[in-house]
Each structure stands twice: as C-alpha cells, then as structure tokens.
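1. pasting the structure only:
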C-alpha cells in the first residue's frame with residue numbers, strides 16, 4: 001500500500017526516523033557520561049532540596065517549617081516524594097544523583113523522540129536539534145533541578161495521550177503538576193483537546209482522576225496543616241527576583257515586580273489562548289464558541305448519569321490526529337512562556353523540547369528556523385541575562401508566535417477510526 005505523505009519538509013537523503021532516534025540516544029548517552037565525568041558540578045538548589053526533604057522525612061508536616069538555603073518549600077507534595085526517594089538512593093550525594101539525572105535525561109529524550117516521530121512534523125535530521133542544547137544538558141546533569149522530573153512526567157503524559165490513553169495520561173499529568181506547577185501551562189489546551197477527543201463523562205472522570213492524585217499526594221499535609229500546604233505549595237502570586245530572570249529583563253525592576261504588570265501579562269496570556277483556540281485550534285469546528293455550544297448540546301442529548309461507564313457513547317467521537325494534539329499542547333505552553341513575567345535559567349526546560357516542532361509549524365524557510373533556534377539557545381546561555389539578550393529573546397519569541405499564527409492549520413481529525421483488521425490473520 002502506498003504511504004500518504006503530508007506537505008512536510010523533505011530531504012534528498014531519507015533515513016528512518018526511529019533508527020536515527022536510536023543513534024541520537026546512543027550518542028547523547030555518551031555525551032552525558034562525559035559531562036558527568038569531566039564537567040564540574042554547580043551547586044545551586046541541591047542543598048536546599050535535601051534540607052526540605054530531610055524535614056519531611058523527619059515527619060514535619062507543616063509546610064511553613066520545611067525550609068532550605070533558598071527559603072521555604074514552594075512545591076507541591078510530589079516534589080517531596082521524588083526527592084525523598086533520590087535522597088534515599090543517593091544518600092544525598094551529588095555524584096550518584098548526577099548519574100540518576102543522566103538516566104532521567106536519556107529517558108526524557110527517548111519520550112520526546114517518540115512524540116516527534118508520532119507527530120511527524122519535522123524532517124529526520126532535525127531530530128538532532130533536540131540533543132544540541134548546552135543549557136538543557138546543564139539543567140539536567142549539572143544542576144539537578146526538579147523541573148527535570150516535572151517535564152519528563154509531562155512528556156510521558158503527552159506520549160500516553162498520543163496513544164489515546166487519556167485517563168492514564170491525566171494521572172501522569174497530575175503527577176507532573178505535583179512536582180512543579182509550571183506544568184499547568186499545558187492545562188488550557190489539554191482541556192480543549194479532552195473536550196474534542198473524549199465524551200463529557202470521560203472528561204469528568206479523567207479530571208476527577210487527576211484531582212484524586214493531588215489529594216492523595218497531599219493528604220499527609222491536608223490532614224495536618226491544610227492552610228499552610230495550600231498557601232505554600234499552590235501560591236500563584238509569587239514574585240521572582242528581577243536579577244535572575246531571562247524574560248523581560250529590559251523592563252525596569254519597579255515595573256517588573258508590580259501587580260499591574262503581572263495582571264497585564266495574565267490578561268494578554270488569556271486573550272492569546274482564547275484567540276488561538278477560536279481561530280486556530282477550533283477552526284475546523286467553526287470556532288471556539290460554536291464548538292463549546294455543540295458539546296453542550298451533545299451533553300443534553302444523553303443521560304450523563306446512566307452512560308458514565310458506557311463505551312458506546314464514544315461511537316460519535318472522532319479521533320484526533322497526533323500532529324494536532326502535539327501542536328495544540330506545545331503552542332498553548334509556548335503562549336504561556338511568551339507571557340511569563342519571569343523565566344529563570346532552569347525554566348528553559350519548560351519549552352526547549354517543543355522548539356523544533358514549533359519552528360517547523362511556521363511557514364518560515366528552513367534557514368530562518370535554524371537561525372531562530374540558535375538565537376534562542378544563545379540567549380539562554382548568556383549569564384547573567386541583560387537588557388539586550390532579554391530583548392532579543394522576547395523578539396524571537398514574538399516572531400515564532402506570529403509564524404504559528406499565520407501558518408496553515410493541520411487537520412484535527414483522522415479520516416477513519418483505527419480498525420482491528422491488521423490484527424486478524
């Protein structure tokens with residue numbers, strides 16, 4: 001049977017993407033080993049993590065008393081479970097922790113390569129871009145940030161959703177949120193995809209599963225000091241230090257830390273999400289309003305209570321294409337990155353792995369895509385960030401966002417539902 005190709009970039013030399021992905025994993029594993037062996041470790045948050053975890057291990061349940069060198073604990077309970085396990089395995093020593101994070105890096109890269117192969121947006125050679133970030137290698141192997149675990153779980157959730165394992169994907173997504181809340185940037189596009197790809201009752205049960213994970217992980221703290229836990233672990237009003245930010249460094253500090261500036265960015269963020277949802281992500285359905293109206297109408301036509309566990313109610317749903325799922329999630333997160341008041345250096349891991357796909361979703365020529373990719377990486381490797389590097393990074397982000405806006409929309413639905421014919425002998 002002839003394979004149907006989309007209008008994706010092609011090359012005169014064609015190499016199997018899975019084979020090339022395995023080669024990349026092998027080569028990057030060697031690079032990770034060399035970094036651990038020869039590049040000095042930089043101590044930033046590790047001691048603070050271990051201090052916070054030690055308090056938890058010693059049965060302290062008041063979040064206000066879990067502190068480290070960098071201040072009080074500000075991450076949800078999943079962080080404590082993960083780093084307690086790391087402390088137990090490594091004894092709190094950096095070198096074995098680096099080995100563990102090196103394994104995590106390769107695992108995360110493998111998941112990302114799986115996502116890119118499934119989405120099938122970029123050419124085979126561009127997969128190598130996913131291995132070329134000096135800063136991301138440093139974040140994983142030389143800094144040991146909790147962002148690494150959060151993003152690995154997030155990418156695992158995306159991979160599960162691509163395999164149409166929505167409920168399990170939402171559970172893993174919730175686990176990622178429990179380590180660091182930046183993962184919530186994916187929540188708006190994820191909810192929209194759930195409404196498009198699942199029944200209403202399926203959406204409700206998946207969200208309930210995700211909420212249950214949060215309650216279960218936070219239960220020791222919710223039962224003892226609930227106010228302290230919720231106010232510390234889910235504090236959305238924190239103000240980051242202007243000096244350490246890579247984003248909006250060109251904004252005067254008094255403006256940067258003001259509530260007015262934060263509110264303006266939040267409004268722009270929400271407006272961009274609505275505009276992209278209406279004109280891009282729901283274009284095939286006639287816009288966001290018409291799509292939501294159709295889902296409400298469908299909900300009224302069935303008895304939600306009696307059909308909650310019925311498989312038949314999925315019969316009228318169409319399967320989402322893997323390209324549409326990945327694009328919607330990555331663009332939604334990128335919008336949050338563009339509007340983030342503060343981006344510390346470890347926050348680069350929040351969106352680096354989405355950059356090649358985002359760039360190839362734009363209508364730009366390949367040379368410009370590569371220039372933009374190198375530009376972003378260069379800005380993130382300037383320390384400390386300054387007015388010029390921050391301004392350039394912001395302009396590059398805007399160029400990519402504009403390119404995503406003017407790019408052709410992908411077909412959100414597969415032509416036919418997958419069948420079991422290929423399983424029959």
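-> Thanks, I have the structure now. Note that the structure is a prediction, hence the values are computed from the model and not measured. Numbers count the residues shown, from 1 in each chain.
2. secondary structure class for the residue lying closest to residue 408 once chain neighbours are set aside?
-> In this structure, residue 408 finds its nearest non-sequential neighbour in residue 363, 7.5 Å apart by C-beta to C-beta, 6 or more residues apart in numbering. From N, CA and C alone the C-beta is placed, and that goes for glycine too. For residue 363, the assignment made with DSSP: H, G, I helix; E, B strand; the rest coil gives coil.
3. return the distance of residue 363 relative to residue 403.
-> With distances taken as C-beta to C-beta, to the nearest Å, residue 363 is found 7 Å from residue 403.
4. between these two, point out the one with more neighbours.
-> Set residue 363 next to residue 403 and count neighbours by other C-beta atoms under 10 Å: residue 403 wins out with 18 against 10.
5. give the contact list for that one.
-> 359, 361, 362, 363, 364 (C-beta atoms under 8 Å, 6 or more residues apart in numbering).
6. in these, find the pair that's most separated.
-> Spatially, the most separated pair among the contacts of residue 403 is 359 and 363, at 10.7 Å (C-beta to C-beta).
7. so which residues of the stretch 1-150 of the chain form strands?
-> All strands of the stretch 1-150 of the chain, identified by DSSP state E, counting those that start in this stretch, fall at 67-68, 71-72.
8. among these, which is the most enclosed?
-> Neighbour counts (mean count of other C-beta atoms under 10 Å) averaged over each of these peak at strand 67-68, with a mean of 16.
9. what average pLDDT does it get?
-> The average pLDDT for strand 67-68 rounds to 86.
10. quick one: strands adjacent to it?
-> Strand 67-68 pairs in its sheet with strand 71-72 (antiparallel), by DSSP bridges.
11. give me the contact list for the partner strand.
-> For strand 71-72, contacts defined as C-beta under 8 Å, 6+ apart pick out 48, 63, 64, 66, 232.
12. just these: which are in helices?
-> Among the contacts of strand 71-72, the ones falling in helices (DSSP state H) are 48, 232.
13. save the contacts of strand 71-72 as a markdown table, and put in neighbour count and distance to residue 184 too.
-> Formatted as a markdown table, these follow (neighbours: other C-beta atoms under 10 Å; distance: C-beta to C-beta, whole Å):
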| residue | neighbour count | distance to residue 184 |
| --- | --- | --- |
| 48 | 17 | 23 |
| 63 | 29 | 19 |
| 64 | 14 | 23 |
| 66 | 24 | 22 |
| 232 | 20 | 16 |
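14. widest-spaced pair of the contacts of strand 71-72?
-> Checking those with C-beta to C-beta, the most distant pair is 48 and 64, at 15.7 Å.
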